[in-house]
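A.B. asks: My questions concern the predicted model and sequence given below.
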Amino acid sequence: MKILLPAVFIGGIAIGWFGGSLSSGGKATTASITSTPPAFHSKNLPPNRAVAGDPNTRSLPDSSSAASAQNLTEILEIVGEDDRNAALRILAARLAGSDLQQALALVSQIGSLADGTVYLTAVLKTWVASDPKAALNYAANLPPGSLRSESLTGALGFWASAHPQAALNWAQTSLEGPLKTEGINAALQAWATLSPQSAAAWVRSSSLGVATGTALETIATAWTNIDPNAAANWAESLPPNQKTDALLAVTDEWCRQSPSDAAAWVGKHLDTPGSSDLIERVVDAWSSADPAAAAKWVDLLPKGTIQENAASALASIWATTDIQAASRWVAQIPDSNVRESAVLEMAQTWGSVDPDQALRWTAQLPDPKTRDAATANVLDSWASTDSDSLSKWLQRQPPASLGSDIARSALSDQFAENDPAQAMQWAAAIRDPSKQISQLANIYQNWHNSDAAKADAWLQQSPFSADLKQQLQPPFK
């Protein structure tokens, strides 16, 4: 039998009354309070509330609209986002089930786009339960933007969880352009959560054109959340032009769940086309969660480009969280090529975080070639993040030092696009004659290609010698 349960309180505000039922054992069970609330029925209202025109209830008080608006105002003042969203969903479900027009009218009173999206999506989900096409047509005709996109896809996914093929057919015939792709993916995601095999079979039998790739990625992500091994095996069975992107989607979701398990699978499939991209995704995810464990895995990868790229990616990410641990790992890498790749990547990252400390580190590197390249990476990174402090550092260095010329070159590169005149001045300060000419010619040629008049005027007024001016002018070599 139906009973009335007390109002739900969220953030100290009474949101509404919800129907429950008595089981044969005499225990009451409340209706689920979620983002997908059940359709509202007027018989579940407490005695002092009613729906106009419903003979089973008393007359609706004149202040009902005002009361709902007041409820909304109080809800929007809840500070906690989760509590506020839950309250908005409950209010939306209650109003959409009893007075749809009033529920829709209240959307205009919500100033925040995020709050409005949460509320309208809940209204549409309740509406979809009774008249899905009317609800979705309403959403599709909203002004373009995130409110339309998110509320429509939320409602469409809700419908697809019960009637996937009907939802997909509506999306295919009623939507156009990017919104059509979003709608199809929302429906597929809901379907794949329940039956990924069925969703995948539907995609294979449909003519989605360029949207096929994103549809398969949507299924891959949902399937991986249920059974990553099965999802990976399915992705591997796809045609070559679809396999790589689907496997990347599987790997991304699998890494979110368990990077070590994803790494174990990828490690057994290194002959798969695109495996280098899969390794990169594993390293990116695992490095953030457990870089030491990721390092042990990278050490076991086959020698060559794959291991070099993986080590570089790991060093870059690890350097942002624990530079000392990262540098210790890099120092013990046995393969010189892998070690150099990691060193150069870590220098680039460290240079943007603590360039002075990074330069002290690069100065102690034993191999001269690696040391010079790493120093250049530190200074390049420093120039791009804080050119003023690099300029001050340069003033304290011996003019003829190798680091000084590298810094001047880095600064000239940094200014080349937005301030070519400044870039030319830094290039002219380079002490090594061959490097100076090379840098000046490169910057001037690019400047001349974008604004020949200003480049020529600056060159003619510069203090450069006549011979140097002649070398820099076109025709360019």
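C.D. replies: Looks like it arrived, so ask away.

A.B. asks: Now name the helix or strand holding the residue nearest to the spatial centre of the chain.
C.D. replies: In the chain, the centroid-proximal residue (Cα atoms, centre = their mean) is residue 252; its distance is 11.6 Å. Assigned by DSSP states H and E, residue 252 belongs to helix 240-257.

A.B. asks: buried set for the helix or strand following that helix?
C.D. replies: Moving toward the C-terminus from helix 240-257, the next helix or strand (DSSP H and E) is helix 259-267. Residues of helix 259-267 classed as buried by neighbour count (16 or more other Cβ atoms under 10 Å): 259, 262, 263, 265, 266, 267. The C-beta positions use only the backbone N, C-alpha and C, and glycine is treated the same way.

A.B. asks: Make sure residue 417 is indeed in a strand.
C.D. replies: No - if the criterion is DSSP: H, G, I helix; E, B strand; the rest coil, then residue 417 is coil and not within a strand.

A.B. asks: Please determine how far it is located from residue 451.
C.D. replies: According to Cβ to Cβ, to the nearest Å, residue 417 stands 12 Å off from residue 451.

A.B. asks: likewise residue 100?
C.D. replies: Noted for residue 100: a distance of 60 Å to residue 451, by Cβ to Cβ.

A.B. asks: pLDDT weak spots in the protein?
C.D. replies: 1-64, 402, 476-477 (pLDDT under 70).

A.B. asks: thinking the residue nearest to the centre of the chain is in contact with residue 225, fair?
C.D. replies: No - using Cβ atoms under 8 Å, residue 252 makes no contact with residue 225, being 11.2 Å away.

A.B. asks: Can you pick out the most distant pair from the buried residues of helix 259-267?
C.D. replies: Across the buried residues of helix 259-267, no pair lies farther apart than 259 and 267, at 11.9 Å, counting by Cβ to Cβ.

A.B. asks: Name the residues of the helix holding residue 252 that are buried.
C.D. replies: 242-255.

A.B. asks: packing partners for that helix?
C.D. replies: Using 3 or more Cβ pairs under 8 Å, 6 or more residues apart in numbering; DSSP states H and E, the elements in contact with helix 240-257 are helix 212-226, helix 228-236, helix 259-267, helix 275-289.

A.B. asks: With distance to residue 363 as added columns, please give those in CSV.
C.D. replies: Below are those laid out as CSV (distance: least, Cβ to Cβ, whole Å):
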stretch, distance to residue 363
helix 212-226, 46
helix 228-236, 46
helix 259-267, 35
helix 275-289, 26
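
A.B. asks: out of those helices, nearest to residue 469?
C.D. replies: helix 275-289 (46.9 Å).

A.B. asks: Tell me what angle the closest one forms with helix 240-257.
C.D. replies: Computed by axes from the mean of the first three to the mean of the last three Cα atoms, to 10 degrees, the angle separating helix 275-289 from helix 240-257 equals 10 degrees.

A.B. asks: gap between the helix holding residue 252 and the chain center?
C.D. replies: 15 Å (Cα atoms, centre = their mean, to the nearest Å).

A.B. asks: Please apply the same query to stretch 299-312.
C.D. replies: Averaging C-alpha positions (Cα atoms, centre = their mean) puts stretch 299-312 26 Å from its chain's average.
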